[in-house]
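**Student:** here is my input, please return the structure:
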Amino acid sequence: MISQATREKIETIAARYPRKRSAVMPALDLAQKECAGLVGQDDLKEIGELLEMSMAEVFGIWTFYSMYNKKPVGKYHLQVDTNIPALLMGAGELLEHLEKILGIKPGQTTPDKLFSLSEVEDLGSCGTCPVIQVNDRYYENMTIARADEIIGFLRKDIMPECKESSNFATDCNVLLKRRGAAATGLDDYLADGGYKALEKARLMEPKEVVEEVKQSFLRGLGGAGFPTGTKWGFLPDNASEVYLICNADEGEPGTFKDRQIMQYDPHLLIEGMAIAAHAVDARLGFIYIRGEFGWIADILEKAIAEATAKKLLNDFDIIVHRGAGAYICGEETALIESLEGKRGNPRLKPPFPAVEGLYGSPTVVNNVETLACLPFILGKGAAEFKKFGSSNNFGFKIFGVSGHVNKPGAYEFALGTPLMKIIEAAGGVKGTLKAVIVGGLSVPILTADEARDLKMDFDGCLAKGTMLGSGGIMVMNDTTSIPEIALRTVKFYEHESCGQCTPCREGTWMTRKILQNLLAGQATKADIDRVAILCLTVKGTTLCPAGDAFAIPISTMITKFRSEFDALARD
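**Tutor:** Numbering: from 1, shown residues only. Presented below is the predicted three-dimensional model:
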């Protein structure tokens, strides 16, 4: 049973939300930690009673999110990210080595209950992979030798320290300005001019702030690229309650840009949220952060407490809400459902969140990177922001470069910067360039020839038949098997499908089966054609973009690298 202390924590958390049931995910997280990694049926019932929810509702949420264990795990739960950036950097070999030295397969626990092993989807560590997550702690830039060292410590019941080391550089000195300072506290931020832009914004009328953002032509940097000021303008006049949500559920494979801001410059995000809150008249905001980023959530909560204590946020409050392992919650309506204490199933649109969002009220949902641009725009003006980039593609962006490069990491450049310049900043390609995915896993792949003269902005990517997306650049050299990349792609989307739409739920399963058969030498060229037709059928037929997110990339992989697929087919 849940202890009285945990009950009191749950009640305290629930009191912060407009509706109690929004605390169901924090409650499940607390219960799992207290119950040695596995929440029991009685615990689910008790959580329901505390939050005025039925047992069925709590059970449905518990089964939906992957971070809630469904069977007992060992004292040390080792989770290995094997998504595409990690595979390109040797995660497959690392997982095989762990299987050998632990004597277990993924999903199993050692007889002494000391270790459990899992193969998991993207952990947002694409620039520092391979990565092993041990309980709540990340061990990045892993090698087999380092894995052996960590296992040795764990056998002695010692959790070794994390050795942080990652590559980064900035050509703009804005979003990554303080990345190397190792100073995330409020005093350092204030000394560098922090919160001056918020002061300036508060001297302006909200509509003036919205207009300044419109003039900057800041576009959403989470992937959609929709003009931010225009999005704010969709809010109805004189709404009794408006909510602001920061989408920090960074789950797109290849993407690790938002992490840079939250982990190393949290007050930049908080100031941006406060500016946005003034513009849209929001008194309560949420940072919905992926659950695996537990230590970053702690950093944000500390920064919010600092800003609140200094009375910098006035009457604006921010709740850090931790997700629990569901890529689909990166879609804004699924995120809202999750925040309301439900399964993360996307909603039918319209109505759009600006009209009817969180708790039925008008809601603005913006990405971390988008909000982090606001202090610059309000502090220096839209005209200064537009000095970066060019027509319809203004501003700066963090590009996460992973895969076959010498210095994978986070690199800040103005929009419109040539892709090859960004790759050179990342140390250049290891070997011969074969293909690049430039905007996270959900965008069409480019051949080496298509990539050579690409400019990294919204229009430049569209002109090449792809999308800027999240700016997650995955570089592949000529040792890469594109059919294997296609299979790993659809495995990810099959795992992350919420199951609500038939084309996505069944389409990912069917595609995965055919591609598995192809790599096993048990499929024909006609089967490859079936996959291509299936992808065309799925496109545009689902409630949210998740169907397109697997159908479009796999379709382009087959089209552009058809000979590789045909070579694996039997006659």
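
**Student:** end-to-end on stretch 253-261?
**Tutor:** In stretch 253-261, first residue to last residue: 18 Å (CA to CA, to the nearest Å).

**Student:** what's in contact with it?
**Tutor:** The contact list for stretch 253-261, computed with CB atoms under 8 Å, 6 or more residues apart in numbering, reads 83-85, 121-122, 124-128, 168, 175-176, 179, 248, 250, 268-269, 293, 296, 367-369, 372, 397-400, 402, 410, 437, 440-441, 470-474, 492. The C-beta positions use only the backbone N, C-alpha and C, and glycine is treated the same way.

**Student:** and residue 16, which helix or strand is it part of?
**Tutor:** For residue 16, there is no enclosing helix or strand under DSSP states H and E.

**Student:** again with residue 117
**Tutor:** strand 115-120.

**Student:** do the same with residue 244
**Tutor:** Going by DSSP H and E, residue 244 is part of strand 243-248.

**Student:** go through the strand ranked longest in the chain and flag the buried ones.
**Tutor:** Assignment by DSSP state E gives strand 396-403 as the longest strand of the chain. For strand 396-403, burial by neighbour count (16 or more other CB atoms under 10 Å) applies to 396, 397, 398, 399, 400, 401, 402, 403.

**Student:** contacts only, for residue 293.
**Tutor:** Counting by CB under 8 Å, 6+ apart, residue 293 has contacts 124, 248, 250, 259, 262, 322.

**Student:** which other helices and strands contact the longest strand of the chain?
**Tutor:** In terms of contacts (3 or more CB pairs under 8 Å, 6 or more residues apart in numbering; DSSP states H and E), strand 396-403 is packed against helix 84-88, helix 257-264, strand 409-414, helix 419-425, strand 472-477.

**Student:** run the angle between the second one and strand 396-403 for me.
**Tutor:** Between the axis of helix 257-264 and that of strand 396-403 there is an angle of 110 degrees, by axes from the mean of the first three to the mean of the last three CA atoms, to 10 degrees.

**Student:** all numbers from here: first residue = 287
**Tutor:** With the count now opening at 287, the last piece we talked about shows up as helix 543-550.

**Student:** which residues does residue 291 contact?
**Tutor:** Applying CB under 8 Å, 6+ apart, no residues qualify as near residue 291.

**Student:** doesn't it lie inside a strand?
**Tutor:** No - counting by DSSP: H, G, I helix; E, B strand; the rest coil, residue 291 is not found in a strand; it is helix.

**Student:** return the distance of it relative to residue 671.
**Tutor:** Separation of residue 291 from residue 671 (CB to CB, to the nearest Å): 48 Å.

**Student:** just residue 807 next, same as before
**Tutor:** Residue 807 is 54 Å from residue 671, by CB to CB.

**Student:** again, but for residue 853
**Tutor:** Counting by CB to CB, the gap from residue 853 to residue 671 is 49 Å.

**Student:** looking at these two, which has the bigger crowd around it?
**Tutor:** Taking neighbours as other CB atoms under 10 Å, residue 853 and residue 671 compare with residue 671 leading, 25 against 8.

**Student:** residues contacting that one?
**Tutor:** Contacts of residue 671 by CB under 8 Å, 6+ apart are 502, 504, 659, 662, 663, 680, 681.

**Student:** got TSV for the contacts of residue 579, with pLDDT, neighbour count and distance to residue 615 too?
**Tutor:** Formatted as TSV, the contacts of residue 579 follow (pLDDT from 0 to 100; neighbours: other CB atoms under 10 Å; distance: CB to CB, whole Å):
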residue	pLDDT	neighbour count	distance to residue 615
410	95	25	14
534	98	30	11
536	95	31	11
545	96	25	16
548	97	26	17
608	98	20	11
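
**Student:** taking these together, which two end up most distant?
**Tutor:** Spatially, the most separated pair among those is 545 and 608, at 14.3 Å (CB to CB).

**Student:** element containing residue 802, please.
**Tutor:** According to DSSP H and E, residue 802 maps onto helix 788-805.

**Student:** centroid-nearest residue for the protein?
**Tutor:** residue 536 (1.1 Å; CA atoms, centre = their mean).

**Student:** got phi/psi on the residue lying closest to residue 682 once chain neighbours are set aside?
**Tutor:** With sequence-adjacent residues excluded and distances taken as CB to CB, 6 or more residues apart in numbering, residue 682 is closest to residue 458, at 4.2 Å. Backbone dihedrals for residue 458, given as degrees, to the nearest 10, come out at phi -120, psi -20.

**Student:** and residue 458, how many neighbours?
**Tutor:** Counted with other CB under 10 Å, residues neighbouring residue 458 total 18.

**Student:** before we move on, what about residue 826?
**Tutor:** So residue 826, with other CB under 10 Å, has 12 neighbours.

**Student:** okay, domains of this structure per the record?
**Tutor:** Following automatic domain parsing, one gets these domains for the chain: 290-350, 362-441, 455-671, 675-763, 768-854.

**Student:** so how far is the longest one from its chain's centroid?
**Tutor:** I take that to be domain 455-671. 14 Å (CA atoms, centre = their mean, to the nearest Å).

**Student:** start to end distance for it?
**Tutor:** Using CA to CA, the end-to-end distance of domain 455-671 comes out at 19 Å.

**Student:** element containing residue 736, please.
**Tutor:** helix 734-737.

**Student:** list the pairing partners of whichever helix or strand comes after that helix within its sheet, with orientation.
**Tutor:** Going down the chain from helix 734-737, the next helix or strand is strand 741-742, by DSSP H and E. Looking at strand 741-742 with DSSP bridges, its partner strands are strand 703-704 (antiparallel).

**Student:** hmm, who's touching the partner strand?
**Tutor:** By CB under 8 Å, 6+ apart, strand 703-704 touches 457, 739, 740, 741, 742.

**Student:** ok, the first one - contacts?
**Tutor:** Spelled out, it's residue 457. Here residue 457 is in contact with 697, 698, 699, 700, 703, 711 (CB under 8 Å, 6+ apart).

**Student:** about what we covered before: show me what the strand holding residue 530 is packed against.
**Tutor:** Counting by 3+ CB pairs under 8 Å, 6+ apart, strand 529-534 packs on helix 552-566, strand 570-575, helix 618-625, strand 649-653, helix 654-658.

**Student:** where along the stretch 287-436 of the chain do the strands fall?
**Tutor:** Along the stretch 287-436 of the chain, counting by DSSP state E, counting those that start in this stretch, strands occupy 362-367, 401-406, 418-420, 423-425.

**Student:** winner for burial among the ones you listed?
**Tutor:** Burial of the strands of the stretch 287-436 of the chain is given as mean neighbour count (mean count of other CB atoms under 10 Å); strand 362-367 ranks first at a mean of 23.

**Student:** that one packs against which elements?
**Tutor:** helix 377-388, strand 401-406, strand 418-420.

**Student:** next, residue 451: secondary structure please.
**Tutor:** coil.
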